[in-house]
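>>> Next one to model:
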Amino acid sequence: MPHASAVSLEDIVLASERIASRVLHTPLVPSVALSDLTGWPVHLKLEHHQTTGSFKLRGAINAVLCLTADERARGVITASTGNHGRALAYAAKSQGASATICMSRLVPENKVAEIRRLGADVRIVGNSQDDAQREVDRLVHEEKLVTVPPFDDERVIAGQGSLGLEILKDCPEVATVLVPLSGGGLASGVAAALKMNKPAIRVVGITMERGAAMKASLDAGRPVEVTEEESLADSLGGGIGLQNRLTLAMCRNLLDDVVLLSESEIAKGMRHAYGLEREIVEGAGAVGIGALLAGRFAPSGPVVAILSGRNVDMDVHRRVINGARALAGRGAA
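Next up, the predicted model:
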């Protein structure tokens, strides 16, 4: 194995097979505009076309399918910035299990409403992912619910890794993959899938300047808490957990670089996705494009940028596309 990893290639392959009939093999398409800009082939992995609007379904459905009958009967619970909660609510409903989703007040209302529509019990607690996680811990202890973490879980990471296998299949010549980075579940899974097949592939995590918990933790060499701030890339908010077991070490071992973007650069990524690629993506899903446009990453071979989600408040999206310089409640554009 070329890199130390808590999740093996076999884990990822088995997860990919387990979830194949329940998730979409999302398209990988060339970007003429970004290829012209960089001088190298750039492909976009349209993961925002996934059934629940983000990559999170892969890890959530894999975790739910791995539960015992007793665990499904007890019901599942998680803390979420929105997309994992939606994915877990969908996955649990598909398997006849109840779901409880704990979120902070920073989660956009459109994401909360969709989770409620899927029949989950929604708890809004505090002003951070850490506050929401404390509510999860309380309910696990008091009501014996089964936790399905948003990222720091072998089953979730392996499920997200299936996306990396799809990239390799559809673009075997890829040299660098740009991955949105938050708690590290997507980055860890994708990087493990890629590097355990083709160690020379570079994997770059892209995140926002406002409250980048994984970057701060990587710099400190241990999990640290950061102050959560509103951002266009709201899905990338939240801590990595002070008791982080897996993703910090995997990101340290597997990521080649981490790039931070300003709110303006994220907004430019969203505008480019809409105006030139004809794709509606949320801020977190546009960070790879934003990094290329801003020159934060200089390609030296074919690039794949993962567009990770589309679950954006459409009023916010319209303001960004129309060039608003200040978005009330969602940072500056």
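>>> use CA for all of it now, contacts and neighbours both
Will do.
>>> Residue 159 against residue 65, yeah?
No: using CA atoms under 8 Å, residue 159 is not in contact with residue 65; the gap is 10.7 Å.
>>> And the two? Which one has more around it.
Neighbour tally, residue 159 and residue 65, criterion other CA atoms under 10 Å: the higher count belongs to residue 159, 33 against 17.
>>> Would you verify that residue 77 is located in a strand?
Yes: checked against DSSP: H, G, I helix; E, B strand; the rest coil, residue 77 lies within a strand.
>>> roughly how far apart are it and residue 100?
5 Å (CA to CA, to the nearest Å).
>>> okay, these two: which has more neighbours?
Per other CA under 10 Å, whichever of residue 77 and residue 100 has more neighbours is residue 77, with 30 against 26.
>>> list the contacts for the closest residue to residue 245 other than its chain neighbours?
Using CA to CA, 6 or more residues apart in numbering and skipping the chain neighbours, the partner closest in space to residue 245 is residue 152 (6.6 Å). Residues counted as contacts of residue 152 (CA atoms under 8 Å, 6 or more residues apart in numbering) are 183, 184, 185, 240, 244, 245, 246, 247.
>>> thought the fifth one was touching residue 223?
Right, the one you point to is residue 244. Yes: the pair residue 244 / residue 223 is scored as a contact, 6.7 Å apart, by CA under 8 Å.
>>> more neighbours, the two?
residue 223 (22 against 17).
>>> Let me see the confidence value for residue 244.
Turning to residue 244, the model gives it a pLDDT of 95.
>>> Same question for the one 4 residues further on.
pLDDT for residue 248: 97.
>>> what's around it, how many residues?
Residues contacting residue 248 under the criterion other CA under 10 Å number 24.
>>> And the host helix or strand of it, what does it pack against?
Taking DSSP states H and E as the criterion, residue 248 maps to helix 247-254. Of the remaining helices and strands, those touching helix 247-254 by 3 or more CA pairs under 8 Å, 6 or more residues apart in numbering; DSSP states H and E are helix 185-195, helix 213-220.
>>> mind listing the helices for the protein?
For the chain, the helices defined by DSSP state H cover 9-19, 32-38, 56-65, 69-74, 83-94, 109-117, 129-143, 154-170, 185-195, 213-220, 247-254, 263-275, 287-293, 314-321.
>>> Now distance to residue 26 too, for these, in JSON lines please.
Below are the helices of the chain laid out as JSON lines (distance: least, CA to CA, whole Å):
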{"stretch": "helix 9-19", "distance to residue 26": "13"}
{"stretch": "helix 32-38", "distance to residue 26": "19"}
{"stretch": "helix 56-65", "distance to residue 26": "11"}
{"stretch": "helix 69-74", "distance to residue 26": "28"}
{"stretch": "helix 83-94", "distance to residue 26": "16"}
{"stretch": "helix 109-117", "distance to residue 26": "22"}
{"stretch": "helix 129-143", "distance to residue 26": "29"}
{"stretch": "helix 154-170", "distance to residue 26": "8"}
{"stretch": "helix 185-195", "distance to residue 26": "14"}
{"stretch": "helix 213-220", "distance to residue 26": "27"}
{"stretch": "helix 247-254", "distance to residue 26": "24"}
{"stretch": "helix 263-275", "distance to residue 26": "17"}
{"stretch": "helix 287-293", "distance to residue 26": "17"}
{"stretch": "helix 314-321", "distance to residue 26": "22"}
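>>> Just list the residues touching residue 282, thanks.
232, 233, 270, 309, 310, 311, 312, 317.
>>> Dump those into TSV; add distance to residue 196 and pLDDT as well.
Listed next are the contacts of residue 282 as TSV, based on distance: CA to CA, whole Å; pLDDT from 0 to 100:
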residue	distance to residue 196	pLDDT
232	33	94
233	29	93
270	32	97
309	25	97
310	29	97
311	31	93
312	33	94
317	37	96
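>>> can you pick the most crowded of those?
Most surrounded of the contacts of residue 282: other CA under 10 Å gives residue 232, at 29 neighbours.
>>> Distance check, that residue against residue 306.
17 Å.
>>> before we move on, what about residue 245?
Counting by CA to CA, the gap from residue 245 to residue 306 is 25 Å.
>>> Residue 28 reaches residue 49, doesn't it?
No: using CA under 8 Å, residue 28 makes no contact with residue 49, being 10.8 Å away.
>>> More neighbours: which of those two?
When residue 28 and residue 49 are compared for neighbours, residue 49 comes out ahead with 21 against 18, by other CA under 10 Å.
>>> Let me see the contact set for the closest residue to the more buried one other than its chain neighbours.
Leaving aside its sequence neighbours, residue 49 sits nearest to residue 26 (CA to CA, 6+ apart; 6.6 Å). Contact analysis of residue 26 by CA under 8 Å, 6+ apart lists 45, 46, 47, 49, 50.
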